[in-house]
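# Based on what follows, work out the 3D shape:
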Amino acid sequence: MANTYHQLYVQAVFAVKYRDAVINKEWKTTLMGVIGTLINETGCKTIIVNGVEDHVHCLIGLKPVVSISELMKTVKAKSSKYINDHNLTKNRFEWQEGYGVFSYSHSQIDNVYKYIVNQENHHKKQSFKEEYLAFLNKFEVPYDERYIFEDLK
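Numbering: from 1, shown residues only. Take a look at the predicted model:
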């Protein structure tokens with residue numbers, strides 16, 4: 001084929017180290033914009049980035065030449081650097097090492113978008129841990145609950 005055509009959508013979910021609730025409403029929108037820009041700089045397409053105090057959801061149009069692991073490594077490292085360079089938290093900021101990535105078809109994008117937009121309301125009813133385990137179960141991802149999150153400090 002003369003050209004490469006693709007349609008790959010993923011939702012990436014990652015947490016603040018120890019699930020600390022340190023993403024402040026005063027700078028959350030700026031951070032989500034920074035993360036979206038970092039995704040776009042890789043050649044992928046940011047559809048939406050949103051989160052709450054302890055974690056972030058990103059809906060991404062993935063470019064086939066970009067590996068998810070490299071994308072996450074870049075986004076998490078550079079967004080941590082941004083937070084630390086701008087002294088947005090009292091202590092040194094870090095993301096938890098791991099992340100979750102879940103794939104979607106084009107027909108599901110609107111629902112996933114709405115889900116991510118409504119993160120604050122959603123988390124009034126469900127903790128991040130409950131949400132994350134629900135994702136793993138829904139997508140039938142095998143896991144050992146002992147290794148889902150880094151132990152609290």
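# residues near the spatially closest residue to Lys78 that is not a sequence neighbour, how many?
Ranked by Cβ to Cβ, 6 or more residues apart in numbering and with sequence neighbours excluded, the top spatial neighbour of Lys78 is Leu38, at 5.2 Å. Glycine gets a C-beta too; all of them are placed from N, C-alpha and C. For Leu38, the count of nearby residues is 21 (other Cβ atoms under 10 Å).
# and the next element down the chain from the helix or strand that Leu38 is a member of?
Applying DSSP states H and E as the criterion places Leu38 in helix 25-41. Moving toward the C-terminus from helix 25-41, the next helix or strand (DSSP H and E) is strand 45-52.
# Partner strands of that following strand and their direction?
When pairing is defined by DSSP bridges, strand 45-52 lines up against strand 55-61 (antiparallel).
# between the partner strand and helix 25-41, how big is the angle?
Orientation of strand 55-61 against helix 25-41 (axes from the mean of the first three to the mean of the last three Cα atoms, to 10 degrees) gives an angle of 30 degrees.
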